[in-house]
Each structure stands twice: as structure tokens, then as C-alpha cells.
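>>> Pasting a predicted model and its sequence here:
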Amino acid sequence: MGERRSHPKGSGTGELILGGQRSGKSRCAESRAADWLALPGRSAVLLATALAGDDEMRSRIARHRHDRAERVPGLATDEVPRELAAAVRRHSEPDRMVLVDCLSLWLTNLRMPMQGAAVTDAELDRHVADLCEALRSARGPVVLVSNEIGLGLAPLGAEARRFVDDLGRLHQAVAAQCARVTLMVAGIELPVRRADP
């Protein structure tokens, strides 16, 4: 993705939840869904972006499914490794919450796919712009989860450095569409933005 101008403060009904590995970001998103589902007439769907590339990942995905079903029984799941904007549009309704878990794996599927060619910079820009438009036009709440990986040293490899840059720009673009941004640290929520929707 090329350099971008600064983004305005978010004013939508979305929330971006960022954090490192095992920071509690997915649990935080699930708690948002559980609170939403506690009121009658509401539904929620998880847009899962993970792909099972090996046995360990297959086991991890299965464990997440099992644990999630116990914690949030009413949460439906749709596996969406690449066409995320279309899925947000398809599922977004006033009485339905859409959870995206997670943006960093979605970006991995686009930039470093297990099969097929990676998207170009221009194609990635289009994917991100399409996702941002889907968030702006969402009819109900959208909660997005992503890994914050840009807090350490710059990676040695060019591909890894490009991914860190791409993810940072993706976070900025998505955060601009969200009324709320939350950083998870050791299971603790740190409010970054709490704009009135």
C-alpha cells in the first residue's frame, strides 16, 4: 500500500480491537457479541479469516471453534479468508453484530497466500478501500480484531517489513471508520478512542 493522507476521526458504529498474541483481543470481541446477544431479537456472526495450512493450525482453529461455541452459543460463523468487504455487506443488518477475526490473517491471505499469487499493491489498496466502504455503509455494529505487531524492532526480511507496513496502514484506514478503538494488554482493555457514533 502506498503512502496515505491522515484519516479523520471515526464516526461509525464499528470498533477496532488491537493487541498482541494472547492479549485477550478475541475474548474482548466475544464479550461484545455476548452483550449484544443478551437482548432479544438480536443475532451475531463471526467472519473468520484463518486458513488451516498445517496440522497445528487445524487443531488451533478447531479449539477456537469449540471454546467460542461454549462462551458465545448464539454466535454463527462464516469462513471468509479473502472477500471480507463482500461478507460484511452480506451479513450487516441493524439487529446483527458482525465480528471480524482477524484483519492480520486476512492481510496474510492476500499478501502471503498459501496458494496462488499475492495481490499487488494496487489490488491491496482496492481491497482495503472496499472494506472501508463496507464499514461506512454497515447497517449494524461491526467489531474487528487484529494483531498489533508494529511495536517492536523492524524485521530483517524485506517481505516481513512490507507486511508490518501494510498492516499498520490497514489499521489506520480501518480505525478511521470506527467510533471505538481498543488496545488489549494482558487481558486489560485500554480505550484508545471512544467517539460518539
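In hand now; what should we look at?

>>> could you pull out the strands for the chain?
14-19, 43-48, 75-79, 96-101, 142-147, 178-185, 188-194 (DSSP state E).

>>> For the ones you listed, give me a markdown table that also has mean neighbour count, distance to G157 and mean pLDDT.
For glycine as for every other residue, the C-beta is placed from the backbone atoms N, C-alpha and C. Shown next, in a markdown table, are the strands of the chain (neighbours: other C-beta atoms under 10 Å; distance: least, C-beta to C-beta, whole Å; pLDDT from 0 to 100):
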| stretch | mean neighbour count | distance to G157 | mean pLDDT |
| --- | --- | --- | --- |
| strand 14-19 | 26 | 23 | 98 |
| strand 43-48 | 22 | 28 | 98 |
| strand 75-79 | 15 | 29 | 96 |
| strand 96-101 | 25 | 26 | 98 |
| strand 142-147 | 25 | 18 | 98 |
| strand 178-185 | 20 | 26 | 98 |
| strand 188-194 | 12 | 29 | 96 |
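
>>> For G24, the count of nearby residues, please.
18 (other C-beta atoms under 10 Å).

>>> CA-only coordinates of the helix or strand of the chain with the lowest mean pLDDT in CSV, if you can.
Of all helical and strand segments in the chain, the minimum by mean pLDDT, DSSP states H and E falls on helix 55-71, at a mean of 79. Once non-C-alpha atoms are left out, helix 55-71 reads as follows in CSV (Å, rounded to 0.1, in the frame of the first residue of the first chain):
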residue,chain,number,x,y,z
ASP,A,55,-2.0,-29.7,11.4
GLU,A,56,-1.2,-27.3,14.2
MET,A,57,-3.3,-24.6,12.7
ARG,A,58,-6.1,-27.1,12.1
SER,A,59,-6.0,-28.0,15.7
ARG,A,60,-5.9,-24.4,16.8
ILE,A,61,-8.9,-23.5,14.6
ALA,A,62,-10.9,-26.5,16.0
ARG,A,63,-10.1,-25.5,19.6
HIS,A,64,-11.1,-21.9,18.9
ARG,A,65,-14.4,-23.1,17.4
HIS,A,66,-15.1,-25.3,20.4
ASP,A,67,-14.2,-22.7,23.0
ARG,A,68,-16.2,-20.0,21.2
ALA,A,69,-19.3,-22.1,21.0
GLU,A,70,-19.2,-22.6,24.7
ARG,A,71,-18.6,-18.9,25.5
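
>>> Which residues does that helix contact?
Residues from elsewhere that reach helix 55-71 (C-beta atoms under 8 Å, 6 or more residues apart in numbering): 26-27, 30, 34, 46, 48, 50-52, 75, 77.

>>> quick one on the thing from earlier: for the strands of the chain, which one sits closest to D165?
strand 142-147 (14.4 Å; C-beta to C-beta).

>>> Tell me the strands beside the closest one, with direction?
strand 14-19 (parallel), strand 96-101 (parallel) (DSSP bridges).

>>> what's that strand in contact with?
Residues external to strand 142-147 that are found in contact with it (C-beta under 8 Å, 6+ apart): 12-21, 25-26, 28-29, 32-33, 88, 92, 97-104, 135, 167, 170-171, 174, 178.
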